[in-house]
Structure formats: structure tokens, C-alpha cells
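Peer 1: show me how the following folds:
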Amino acid sequence: MSWRLKLLAAILALGVAAGTIVGVVTVLRPSVPGIPLQLVPPSWAQFRTSVGHRAHVGRGKAVCKDCHDFERDGFKNPGVSPCLRCHEKAAAHSHVGNDQTKTDCLTCHLFEPTRAAPTCISCHREPQGRAPSVGVHATTACTTCHRMHEEPSALAADCATCHKERAPAHANHPESKGCLDCHAPHQPARSALSLCSTCHAQPSGPKPAGHDSCVGCHKPHEFVAGGERACIGCHGAKTTLAAAKVVAHASCTSCHTPHAPAQAAAACGGCHAAIKPTHDGKTDCVACHEPHPDEAARKVDACTTCHRAVAPVDTAAHAGGVACTRCHKPHDFGRPDRRALCATCHVPETTFASSNKGHSDCASCHGAAAAHAPAAAPACGTCHSAEQSTAPTGHQKCLGCHEAHSGARLPQAACTTCHANKVTGPHQNLTTGCETCHRPHGPNGPVRPPACPTCHARDALPALHALEGHASCTGCHTSHAPPHPDRATCTTGCHQDRRNHQPQAQVCNGCHVFRK
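Peer 2: I've put the predicted structure just below:
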């Protein structure tokens with residue numbers, strides 16, 4: 001320092017201490033030529049020690065008049081206008097602050113000796129508008145990641161410098177920002193757990209227990225699901241349907257979508273598309289096939305698990321001894337045609353019944369529950385009351401003459417089967433047979449045998465039939481036996497006076513003819 005400057009400093013110091021310097025000396029400062037001493041404030045020496053003055057004046061980059069218009073305003077605070085003359089580029093990217101507290105150059109760059117230069121954390125310890133408070137990395141130099149007065153202002157440093165974790169698979173996509181994809185620089189690491197859905201859509205609705213957090217299955221910084229190992233970690237080793245024989249069943253993810261595991265019921269169609277089960281409106285295979293049965297050998301639930309009203313066990317339906325699958329196809333439980341279903345076992349019966357309109361539906365005699373619990377056929381008279389009430393004694397048992405399903409007369413059911421003593425006689429050759437005079441039951445046919453003249457007109461009968469005394473047929477004839485021309489018949493009732501006539505003759509019609 002020159003002797004003049006030293007002298008000026010000593011004078012000013014003494015004058016300030018004694019209060020006698022009033023600024024009338026015209027000695028000039030060597031470093032600022034042309035500034036009258038009376039214009040220099042007494043505190044100029046202290047201000048020159050501030051951070052801002054040391055950076056601008058102390059290092060010889062600027063002189064007082066570059067910023068202060070001392071002739072007009074003296075040395076009062078000039079504001080930020082002078083900054084723009086030299087720092088236009090920096091000002092274009094200045095720290096804008098927030099809506100409540102505006103910032104300018106002098107907020108961070110101080111020219112006052114009594115104030116310490118602020119640090120970033122001085123303000124950012126608390127939230128600033130949209131900027132959250134700085135928590136994590138608060139003790140790290142902000143300039144590690146932030147560049148003041150540049151664009152972009154934030155340039156993330158290599159996190160791996162301090163953090164050895166890596167997530168290469170997660171960063172292998174366009175526009176990846178590396179760690180910043182999930183981690184906010186100043187937020188706790190756990191806050192990243194809520195950011196997965198930002199990129200990865202999650203299924204709507206409630207999440208299954210244990211599946212509400214992504215890191216339950218995905219390890220942080222690996223982000224690769226552990227497959228069935230991850231499933232077993234929580235769910236243990238489960239018995240799975242046919243897993244020993246079907247490779248796809250051995251892997252949990254073949255059926256369970258990791259992010260919607262409860263929707264596994266719809267996955268069966270992926271492999272079994274050709275099977276279209278219909279079971280009372282249910283189409284899910286798991287309605288009958290338990291995916292995780294208690295017993296590994298069990299492939300399908302028993303039908304009577306749900307249908308206990310049909311039978312106690314699967315082999316006790318249809319009056320016992322018939323398995324459900326004997327009539328029902330495993331994957332088609334629609335209502336089959338009843339007659340066709342019955343015909344699979346009861347061919348003769350359904351064939352006969354098809355010819356009888358009243359018997360064509362098995363349920364008409366065996367009840368509405370014929371398929372699962374057929375009832376004994378009711379008495380024929382339940383429907384055929386007219387026939388039952390008109391059948392004579394010996395004809396009450398309908399099935400003695402009729403086949404049950406067709407209703408047709410049995411081949412062996414001829415009248416002579418029971419009435420063998422009526423085989424011969426004058427009417428044995430009638431083309432209409434016994435029913436010419438008799439009916440097995442009503443309502444059709446003759447109610448009682450007709451009188452003989454109905455068929456045998458008297459005036460057409462030959463020889464002695466024409467005599468008045470021979471008008472009653474029953475005197476000599478019966479319906480099912482030859483006539484009685486013997487002596488006893490003729491002489492007992494009518495010709496008593498002829499008892500001794502030709503006593504050697506056994507019959508009368510040897511001479512007294514009734515035929516031509």
C-alpha cells in the first residue's frame with residue numbers, strides 16, 4: 001500500500017473515532033481517482049469487506065462508479081440494475097423464488113458487511129412454493145446437482161458415487177432418468193413406493209392381501225419378479241391340480257396374473273379353449289375342479305357336493321347304482337332330451353312307448369323326478385279308469401294282457417289262454433273271434449253276449465228249426481258246445497210222449513233232421 005493511501009486510512013480512522021471528520025478534505029483516494037472525499041461515506045471501509053465488494057472491487061474487476069452513481073445518489077444501494085450490465089446471461093436464469101417471496105441477485109449475493117452469505121439450505125429447509133423441503137441430501141453441496149444461472153439448472157450427479165445400488169433393467173427404456181425415475185432427490189427412499197403406478201398401471205378394485213405393495217414381489221433395484229419362488233415365499237407350497245402331470249399347472253403364474261391373482265378362474269380357457277362347460281349357467285372350470293385340492297389325486301369335486309338333493313353319493317342316483325356320468329357328459333350338463341336319455345339304457349321300453357302317445361314321456365308314469373328317483377308305475381286304472389271299471393272278474397290285472405309301455409295286447413294274451421274250455425264249439429271259426437260276443441273291458445265292444453237271432457235269423461234256419469216249438473235256441477244249444485240232439489234233451493222238456501219211441505235210438509236227429 002502506498003504512503004498516501006496509508007495516510008488517508010489513518011486520517012479517516014482517527015477522524016471517525018474523534019467525530020471531527022466532516023468530509024471537507026479534498027485529498028483523493030489513489031484507487032478511485034476523481035472521487036471527492038466528502039462523497040465517500042464513513043462506512044466505506046467496512047462495506048469493502050463484504051462478500052460482494054470483495055468479489056467485485058477487491059479483485060480489481062470493478063470500480064465503485066461501475067455500480068454507484070455517487071454524484072446523483074451517493075453510495076446508497078443501487079439495486080440489481082447494475083448487475084444486468086455485466087451479468088445479463090446469469091440474470092436470464094436467475095433464482096426466481098416463489099409467489100410470496102421474490103428473489104433477485106441481492107438475495108444470495110450480499111454487499112452488506114454485517115450479513116453472512118446465505119446457503120441454499122437457509123431457505124430450502126422449509127417448503128418453497130411447489131418446491132418441497134430439502135430433507136435427504138441436505139448436507140450435500142447443492143452444486144453437486146444444481147447449476148445456478150444455467151439451463152437446465154438441475155443436472156443430476158451420478159447417484160452411484162454414494163449409492164452402490166443398481167437398477168439396470170428398470171433403466172433400460174427410452175426417456176429414463178435413471179434413479180430419478182422413482183426417487184425424488186430430496187425425499188425419503190420409501191416415497192418411491194408410491195410412484196410405481198405413475199408408469200405401471202395397476203388393476204382397479206381392492207388389492208389382494210399381501211399384493212398391495214410392489215416390493216412384496218419385486219426386489220427394489222432389481223424389479224424382476226421371482227416367479228413361483230416369490231409366490232411360494234408367502235403362500236407356501238400348495239397342492240395343485242394335476243401338477244405332477246401337467247407342466248403348466250406346476251407354475252403359479254400359468255394361472256395367476258401377479259397383479260390380479262384373484263382372476264385365475266378365467267385363465268383355464270387359455271389352455272382348454274376347446275372345452276365349453278355349461279353347468280346351470282356357470283362357465284368357470286373351478287366350479288367343479290378345485291385348483292388347490294386337499295388331496296393331490298382328486299381331479300374333480302363329486303357332483304353330490306352341490307347336488308345333495310339328488311343322491312347322497314355320486315353312484316346312488318336313479319334308484320341307486322347309477323353314476324352321474326352315466327347320463328351326464330362331464331362338460332355338458334344341459335338338460336338332455338329325456339326320452340333319448342332314457343333310451344341309452346331302456347331301449348325296449350322307450351321303443352314300445354314311442355308307439356303310445358300317452359306313454360311317450362317316461363315322466364307320465366315314473367314321475368317328474370324319473371331321471372334321479374324314478375317312481376314305481378301307478379296302477380293302470382289311474383289313467384284308464386273306464387277300462388278298469390268295466391273289466392270283468394279275472395280281467396282286473398291289465399298287465400296280464402297288455403304290454404306296459406306300448407299298451408298293445410301281448411301275443412300270448414289270447415282268450416283261450418285262460419278259457420281253454422271254450423276253444424271248440426259252433427263259434428270257433430268266427431273271424432272276429434271271441435270279441436264277436438264278448439269284450440275284455442269297456443268302453444267298446446258288446447256289453448253282454450247278443451241274442452242268437454242277432455246273427456242267426458230264424459227264417460233262414462233249415463229243416464226243423466222252422467217249427468214254432470224250436471224257436472228258443474238255448475233249448476238245444478249252448479254258446480261254446482255242439483247242439484244236444486240226444487234223446488234226453490228232446491224228451492225231457494218238450495217231447496215227453498216220445499220217450500219210448502224207438503228206444504234203441506240214442507239221438508233224435510238221426511231221423512228228425514235240422515239241416516238240409
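Peer 1: surely residue 149 is in contact with residue 105?
Peer 2: No. At 9.8 Å, residue 149 does not count as touching residue 105 under the criterion of C-beta atoms under 8 Å. Where C-beta positions appear, they are placed from N, C-alpha and C, glycine not excepted.
Peer 1: quick one: which of the two has more around it?
Peer 2: residue 105 (20 against 14; other C-beta atoms under 10 Å).
Peer 1: spit out the contact partners of that one.
Peer 2: Residues in contact with residue 105 (C-beta atoms under 8 Å, 6 or more residues apart in numbering) are 80, 83, 87, 91, 94.
Peer 1: how near is the last one to residue 109?
Peer 2: If I follow you right, that is residue 94. As for residue 94, its distance to residue 109 is 11 Å (criterion: C-beta to C-beta, to the nearest Å).
Peer 1: any chance of the contacts of residue 105 in CSV, with distance to residue 355 too?
Peer 2: CSV is the format used below for the contacts of residue 105 (distance: C-beta to C-beta, whole Å):
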residue, distance to residue 355
80, 114
83, 115
87, 114
91, 110
94, 106
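Peer 1: pick the one among the residues you listed closest to residue 52.
Peer 2: Ranked by distance to residue 52 (C-beta to C-beta), these are led by residue 83 at 10.0 Å.
Peer 1: surely the closest one is in contact with residue 92?
Peer 2: No. Taking contacts as C-beta under 8 Å, residue 83 lies outside contact range of residue 92: 11.7 Å.
Peer 1: can you give me the strands for the stretch 51-200 of the chain?
Peer 2: Per DSSP state E, counting those that start in this stretch, the stretch 51-200 of the chain carries no strands over any range.
Peer 1: give me the below-cutoff pLDDT ranges for it.
Peer 2: Applying pLDDT under 70 to the stretch 51-200 of the chain picks out residues 98-99.
Peer 1: what's the answer for the chain, then?
Peer 2: Using pLDDT under 70, the chain drops low at 1-38, 98-99, 203-206, 225-229, 280-281, 334-336.
Peer 1: how does it divide into domains?
Peer 2: Domains of the chain are assigned by automatic domain parsing as 337-364, 482-516.
Peer 1: deepest-packed of those, please.
Peer 2: The highest mean neighbour count among the domains of the chain, using mean count of other C-beta atoms under 10 Å, belongs to domain 337-364: a mean of 15.
Peer 1: centre of the chain to it, how far?
Peer 2: Its chain's C-alpha centre and that of domain 337-364 lie 39 Å apart, by C-alpha atoms, centre = their mean, to the nearest Å.
Peer 1: same question for stretch 429-440.
Peer 2: Averaging C-alpha positions (C-alpha atoms, centre = their mean) puts stretch 429-440 72 Å from its chain's average.
Peer 1: before we move on, what about stretch 68-82?
Peer 2: 79 Å.
Peer 1: now the closest residue to residue 481 other than its chain neighbours: how far from residue 168?
Peer 2: Spatial nearest neighbour of residue 481, excluding adjacent residues (C-beta to C-beta, 6 or more residues apart in numbering): residue 425 at 5.5 Å. Relative to residue 168, residue 425 is positioned 115 Å away (C-beta to C-beta).
Peer 1: switch the contacts of residue 105 over to TSV; also include neighbour count.
Peer 2: Formatted as TSV, these follow (neighbours: other C-beta atoms under 10 Å):
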residue	neighbour count
80	15
83	19
87	15
91	15
94	18
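Peer 1: tell me which of those residues is nearest to residue 333?
Peer 2: Nearest to residue 333 among those: residue 94, at 77.9 Å, using C-beta to C-beta.
Peer 1: for that closest one, list the residues it contacts.
Peer 2: Taking C-beta under 8 Å, 6+ apart, one finds 103-105, 149 in contact with residue 94.
Peer 1: what do you get if the cut-off is 10 Å, keeping everything else the same?
Peer 2: When contacts are counted by C-beta atoms under 10 Å, 6 or more residues apart in numbering, residue 94 touches 80, 83-84, 87, 103-105, 107-108, 148-149.
Peer 1: of these, which belong to helices?
Peer 2: Judged by DSSP state H, the contacts of residue 94 include 83-84, 105, 107-108 as members of helices.
Peer 1: what number of residues lie near the residue nearest to residue 481?
Peer 2: For residue 425, the neighbour count with other C-beta under 10 Å is 15.
Peer 1: so it makes contact with residue 480?
Peer 2: Yes. Counting by C-beta atoms under 10 Å, residue 425 does reach residue 480; the two are 4.0 Å apart.
Peer 1: show me where the stretch 51-200 of the chain has helices.
Peer 2: According to DSSP state H, counting those that start in this stretch, the stretch 51-200 of the chain carries its helices in the segments 51-53, 81-86, 88-92, 105-108, 120-124, 168-171, 196-199.
Peer 1: from residue 464, how far off is the residue nearest to residue 481?
Peer 2: Taken as C-beta to C-beta, the span from residue 425 to residue 464 is 21 Å.
Peer 1: again with residue 328
Peer 2: Distance from residue 328 to residue 464, by C-beta to C-beta: 79 Å.
Peer 1: quick revisit: let's have the domains of the chain in JSON lines, adding distance to residue 395.
Peer 2: Listed next are those as JSON lines, based on distance: least, C-beta to C-beta, whole Å:
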{"stretch": "domain 337-364", "distance to residue 395": "20"}
{"stretch": "domain 482-516", "distance to residue 395": "27"}
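Peer 1: hmm, back to that, which residues does the residue nearest to residue 481 contact?
Peer 2: 477-482.
Peer 1: repeat that with 7 Å
Peer 2: 479-482 (C-beta atoms under 7 Å, 6 or more residues apart in numbering).
Peer 1: host element of it?
Peer 2: Using DSSP states H and E, residue 425 sits in no helix or strand.
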